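K.L.:
Have a look at this fold, sequence not included:
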C-alpha cells in the first residue's frame with residue numbers, strides 16, 4: 001500500500017470574484033495547448049488554509065451551509081476539512097492569455113495552489129439521472 005506521494009502545484013489562484021484568475025507556472029505553459037477549445041474545466045486545488053493535522057484528522061462533519069444536513073463522512077460531502085485538502089470545482093473558461101486563465105465559478109480562495117486542471121467533457125461528465133441526498137440540494141452551489 002502506498003500512503004504518501006508528491007504533488008506538484010501547477011499554478012495558483014491569483015484573484016477571486018465574479019471573474020477569477022488562475023496563473024499557471026511558466027514551466028507548465030505547454031500543458032495549456034488546446035485548452036481554449038473548452039467552455040468548462042475541472043480545477044483541483046489545495047485547500048491550503050485547512051492543511052493542518054486538526055483539519056486533516058476530521059472524518060465527519062455536519063455540513064453547515066446545508067440546512068437539515070445530518071452528520072456525514074467527509075467522503076460523502078464537500079467539506080474542506082479532510083485527510084487530503086483537495087478542492088474540486090467546475091469553472092467556465094472565459095479567456096486564456098499566456099499562462100493566465102480567466103474563469104467564472106471558482107470556489108477556491110486567493111492564493112490557493114492549483115493541483116491540476118482537466119477539461120470538462122459533457123458526454124462523460126454529466127449524468128442527468130445522478131442522485132444525491134436531499135440535504136445536498138438545500139445549500140449553496142458548490
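P.N.:
Thanks, I have it. Because the structure is predicted, anything quoted here is derived from the model rather than measured.

K.L.:
contacts, neighbours, all on C-alpha from now
P.N.:
Noted.

K.L.:
on contacts alone, who are the packing partners of the helix or strand harbouring residue 102?
P.N.:
Under the criterion of DSSP states H and E, residue 102 resides in strand 100-104. Identification of packing neighbours for strand 100-104 by 3 or more Cα pairs under 8 Å, 6 or more residues apart in numbering; DSSP states H and E yields strand 20-24, strand 86-97.

K.L.:
What lies in contact with that strand?
P.N.:
Applying Cα atoms under 8 Å, 6 or more residues apart in numbering, the external contacts of strand 100-104 come out as 17-24, 91-96.

K.L.:
Do a quick rundown of the helices in the chain.
P.N.:
For the chain, the helices identified by DSSP state H occupy 53-56, 122-125, in order along the chain.

K.L.:
Just the buried positions in the first one, please.
P.N.:
By neighbour count with 16 or more other Cα atoms under 10 Å, helix 53-56 contains the buried residues residue 55.

K.L.:
just for the protein, where's the confidence low?
P.N.:
Under the criterion of pLDDT under 70, the regions of the chain flagged as low confidence span 142.

K.L.:
Centre-most residue in it?
P.N.:
The residue lying closest to the centre of the chain (Cα atoms, centre = their mean) is residue 88, at 2.1 Å.

K.L.:
I'd assumed residue 76 was in contact with residue 61.
P.N.:
No: Residue 61 lies out of contact with residue 76 (Cα atoms under 8 Å); the separation is 9.8 Å.

K.L.:
Looking at the two, which one has more neighbours?
P.N.:
Neighbours were counted for residue 61 and for residue 76 using other Cα atoms under 10 Å; residue 61 has more, 18 against 11.

K.L.:
before we move on, the earlier item: what's the nearest residue to the residue nearest to the centre of the chain if we skip its chain neighbours?
P.N.:
If the residues on either side of it in the chain are set aside, residue 88 comes closest to residue 44, at 4.6 Å by Cα to Cα, 6 or more residues apart in numbering.
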